[in-house]
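Novice: Next comes the sequence, and after it the predicted model I'd like to discuss.
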Amino acid sequence: MSRLFGTDGVRGVANTELTPLLAMQLGAAGATVLTQERSYRPTIMVGCDTRISGDMLANAMIAGICSVGANAVYAGVLPTPAIAYLTRKYKVDAGVVISASHNPVEFNGIKFFNGDGYKLSDELEDQIEALIRSGNKGVPAPTGSRVGKVKYRSDAREEYINHSIKQINVDLRGMKLVVDCAEGAAYYTSVETLRELGADVVAIHNNPDGTNINSNCGSTHMEELCARVVMEKAELGLAFDGDADRLLAVDENGKIVNGDEIMAIIGNYMKEKGTLKNNTIVVTVMTNLGFKLMGEKNGIHIEQTKVGDRYVLERMREIGANLGGEQSGHIIFLDENTTGDGLLSALHLLEVVRSTEKKLSELKAVMQILPQALYNAKVPVHERESYMEYPEIVEAINALEKKYAGEGRVLIRPSGTEPLIRVMIEGRDQAVIDEDAKALAALIERTVL
C-alpha cells in the first residue's frame, strides 16, 4: 500500500481520492499526534486556497479537530506561507493548509505545520498515517463541554501583509508591475502589499470564482503575463501559484526568470550585503548546472538536496543557511518565514532591482542557464517507485548517462504529489536533449503499466 503522505502533504482529486471523510480523519489523527503531550486544550489554525472544494474539506478537517477535543481557528483563504507565519504569530499548536498548490481545480491537498511553522517530519506524518490506517483506534472522543470549538478570523490576512512589509525595506513608488495571482490565494495579499509599498500594480487573474484557480494562468502558465509586461511597458512581472508559496518573474522584455535565476540574483545581492549566511544557498538536484557554475564563479557554496522544499528546509536548518529553494520558484528566506513564500520572494527581488537600479534582464545575466529538457511519464500511482525494476528502462537510462557523461546529466525521479515520473536531461544541444528526454519518458509510460 502506497504512503498516504507525499512530499507536500496528502494530495488527490477532491471528493473521490481526497474525501471529506479522509479530511475528517486527518483532522482527528493530526490533532491527536501533534498535541498529544499538551496538558491544555490545544488550538489548530486552518486556511485554504480559493478552489471550490476548499470549504468542504476545511470544514471536514475542522470537524475532525474538534471531535478529539482540540479547538480550531478558521482563517479562510490565505497563502500557505501566511498560515506558516500566523501559526507562530498566534502561538497556536499547529497549522493546516487545504491546497493543491499549482495543480488544477479538481485536485486538493492537506498539509500540516507544527507549532513553530515547519512542515512535519516523515516520522510525525507516519504516526498520523498509522492512526488513520488503524481506523483512528485510540483517538479520543470527548463529549459535552470537552468537544472543541471553532473561532473564525477575518483579520489574519492583514497580519500577514503587515509582517511581509516589515521584513524588507523597499519603496516601490514609480514602479509599474504586472502581477498574475493565478486566481488563487495571492489575489488579495500580494496585490495589496505591493500597492501599499507604492507600486503601480496591474493585477491579472485576481478574480477567483472557485473553479478557475491555475487555469491558464499563474506560475505554470506564463504566456499571458509575458505578453502583458511588454504591452504595459512594465518594469517586470510577477507570477504566483495557487497557494502563493512560489514565485516566478518576467523581465521587461517578456522573458521568464525562473527560480534558479531569482535565487542567483538575490543570493549575490545578499552576499554583497553580508547577509547570506555561510555564503551558502541550498538547492535541489533539479537545479540547473549553470547555478552551480554561478556559485563557483562568485564564491557562493551550493548545497544540494533531493527534490522537495521540505528537504531544502531541513538542510538549511542543519547547516545554518538562510536562503534556499527550487527552480520551480519555491524560495525560502529562513530569517523571515519557515516555508516557501512567493510574496517575500517578490519583495526581495524588487529590493535588488530598486537598490541596483538595474533592469531584471541585466540582473539575471549573473547565471547562464544550460539547456534542459523535462518530460513527464504518466504512470499508475502505485508504480511510481518501481520503474527501475524494468530492464529495458534501466538499459535506456544507462545508455543516456554514458552519452551525456562529462557534458550533461540525466535525472529520473518519481513525483511526490502526482502520478508521474519526471525525466530531466541537461546538455549542450536543446534539440538533442529534447528528443532523448521525450523518448525516455515515452518508453517509461508504455512500459510501466
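Specialist: Sure thing, it's come through.
Novice: mind checking the SS state of A72?
Specialist: At A72 the chain is in strand, as set by DSSP: H, G, I helix; E, B strand; the rest coil.
Novice: Could you report the neighbour count for it?
Specialist: Using other CB atoms under 10 Å, A72 has 26 neighbouring residues. Quick note: C-beta positions are derived from backbone N, CA and C, even for glycine.
Novice: for the one 4 residues further on, same thing?
Specialist: Around G76 sit 17 other residues, with neighbours defined as other CB under 10 Å.
Novice: so what's it closest to, chain neighbours aside?
Specialist: G47 (6.6 Å; CB to CB, 6 or more residues apart in numbering).
Novice: contacting residues around the one you found?
Specialist: By CB atoms under 8 Å, 6 or more residues apart in numbering, the contact set of G47 is 58, 74-78, 80, 82-83, 86, 95-98, 156.
Novice: let's see it at 10 Å
Specialist: Contacts for G47 (CB atoms under 10 Å, 6 or more residues apart in numbering) come out as 54, 58, 73-80, 82-84, 86-87, 95-99, 153, 156-157, 160, 185, 243.
Novice: which regions of the protein lie under the pLDDT threshold?
Specialist: Confidence mapping of the chain against pLDDT under 70 gives the ranges 1.
Novice: So which residues of it form helices?
Specialist: For the chain, the helices defined by DSSP state H cover 20-34, 54-67, 80-89, 122-133, 156-167, 186-196, 223-232, 259-273, 289-298, 309-319, 342-356, 360-363, 391-404, 430-447.
Novice: got those helices as TSV, with mean neighbour count columns?
Specialist: Below are the helices of the chain laid out as TSV (neighbours: other CB atoms under 10 Å):
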stretch	mean neighbour count
helix 20-34	23
helix 54-67	23
helix 80-89	26
helix 122-133	16
helix 156-167	18
helix 186-196	22
helix 223-232	17
helix 259-273	23
helix 289-298	17
helix 309-319	20
helix 342-356	23
helix 360-363	18
helix 391-404	14
helix 430-447	17
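Novice: Reformat those helices as CSV; add distance to T211.
Specialist: CSV is the format used below for the helices of the chain (distance: least, CB to CB, whole Å):
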stretch, distance to T211
helix 20-34, 19
helix 54-67, 12
helix 80-89, 20
helix 122-133, 29
helix 156-167, 22
helix 186-196, 14
helix 223-232, 18
helix 259-273, 28
helix 289-298, 37
helix 309-319, 27
helix 342-356, 22
helix 360-363, 33
helix 391-404, 38
helix 430-447, 29
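Novice: To I204, which of those lies closest?
Specialist: Smallest distance to I204 across these (CB to CB): 6.3 Å, for helix 223-232.
Novice: so what does the closest one touch, helix or strand wise?
Specialist: Applying 3 or more CB pairs under 10 Å, 6 or more residues apart in numbering; DSSP states H and E, one finds that helix 223-232 makes contact with strand 176-180, strand 200-204, strand 236-240, strand 247-250, strand 256-257.
Novice: Helix 186-196 and the second one, what's the angle between them?
Specialist: It refers to strand 200-204. Interaxial angle of strand 200-204 relative to helix 186-196 (axes from the mean of the first three to the mean of the last three CA atoms, to 10 degrees): 170 degrees.
Novice: so what strands line up beside strand 200-204?
Specialist: Its sheet considered, strand 200-204 pairs with strand 176-180 (parallel) by DSSP bridges.
Novice: Could I have the CA atoms of stretch 75-92 written out in PDB?
Specialist: The C-alpha coordinates for stretch 75-92 follow below in PDB (Å, rounded to 0.1, in the frame of the first residue of the first chain):
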ATOM      1  CA  ALA A  75      -8.700  31.900   8.800                       C
ATOM      2  CA  GLY A  76     -10.400  31.200   5.300                       C
ATOM      3  CA  VAL A  77      -8.500  31.900   2.100                       C
ATOM      4  CA  LEU A  78      -4.800  32.600   2.800                       C
ATOM      5  CA  PRO A  79      -1.500  31.800   1.200                       C
ATOM      6  CA  THR A  80       0.400  28.700   2.600                       C
ATOM      7  CA  PRO A  81       3.200  30.900   3.900                       C
ATOM      8  CA  ALA A  82       0.700  33.100   5.800                       C
ATOM      9  CA  ILE A  83      -0.600  30.000   7.700                       C
ATOM     10  CA  ALA A  84       3.100  29.100   8.500                       C
ATOM     11  CA  TYR A  85       3.700  32.600   9.800                       C
ATOM     12  CA  LEU A  86       0.400  33.000  11.700                       C
ATOM     13  CA  THR A  87       0.800  29.700  13.400                       C
ATOM     14  CA  ARG A  88       3.800  31.200  15.100                       C
ATOM     15  CA  LYS A  89       2.300  34.700  15.500                       C
ATOM     16  CA  TYR A  90      -0.900  33.500  17.200                       C
ATOM     17  CA  LYS A  91       1.000  30.900  19.200                       C
ATOM     18  CA  VAL A  92      -1.300  28.100  18.200                       C
END
